[in-house]
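Asks: Sequence plus predicted model, see below.
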Amino acid sequence: MVVAAEGLQSNPLMGRVVPEYRREDLRELIVRSYRLVYLVRGPEVIVIRVVHGARDFTGTLGPQPWRLT
């Protein structure tokens, strides 16, 4: 998981767009049974959450996970 996250520094668009939200800035990497969800904000990459694939994904992330509080 850590190696995958570190790879985002050099290539932030390597993950796919999260299909449930369809936003270009909200992306994910699939690492084994987990979804590493992150935001791309210019040169910055922000890991939002790591969610197990068996979990209720949208229930865990909420309606607008890109809104950081």
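Replies: Arrived safely. Numbering: from 1, shown residues only.

Asks: For the residue nearest the centre of the chain, which residues are in contact?
Replies: Geometric centre of the chain, nearest residue: Val37, 1.5 Å, by C-alpha atoms, centre = their mean. Val37 sits next to 18, 26-28, 47-51, 61, 65 when contact means C-beta atoms under 8 Å, 6 or more residues apart in numbering. C-beta here means a position set from N, CA and C on the backbone, and glycine is covered the same way.

Asks: Taking those, tell me the two that lie furthest apart.
Replies: By the measure C-beta to C-beta, Leu26 and Val50 form the most distant pair in the contacts of Val37, at 14.4 Å.

Asks: neighbour-wise, which of those two wins?
Replies: Higher neighbour count among Leu26 and Val50: Leu26, with 20 against 16, using other C-beta atoms under 10 Å.

Asks: got a list of what the more buried one touches?
Replies: Leu26 sits next to 17-18, 37-39, 48, 65-66 when contact means C-beta under 8 Å, 6+ apart.

Asks: now with 6 Å?
Replies: Contact partners of Leu26, counting by C-beta atoms under 6 Å, 6 or more residues apart in numbering, are 18, 39, 66.

Asks: mind giving me CSV with those and columns for neighbour count?
Replies: Shown next, in CSV, are the contacts of Leu26 (neighbours: other C-beta atoms under 10 Å):
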residue, neighbour count
Val18, 21
Leu39, 18
Trp66, 15
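
Asks: need those residues in a markdown table with secondary structure, can you?
Replies: As requested, the contacts of Leu26 are arranged in a markdown table below (DSSP: H, G, I helix; E, B strand; the rest coil):
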| residue | secondary structure |
| --- | --- |
| Val18 | coil |
| Leu39 | strand |
| Trp66 | coil |
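
Asks: ok, of those, which one's closest to Phe57?
Replies: Checking those against Phe57 by C-beta to C-beta gives Val18 as the nearest, at 8.5 Å.

Asks: quick revisit: a markdown table for the contacts of Leu26, including pLDDT?
Replies: Listed next are those as a markdown table, based on pLDDT from 0 to 100:
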| residue | pLDDT |
| --- | --- |
| Val18 | 96 |
| Leu39 | 96 |
| Trp66 | 84 |
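
Asks: related to what we said a few turns ago, quick one: name whatever helix or strand follows the strand or helix carrying the residue nearest to the centre of the chain.
Replies: When elements are assigned from DSSP states H and E, Val37 belongs to strand 34-41. Of the helices and strands lying after strand 34-41 in sequence (DSSP H and E), the nearest is strand 44-52.
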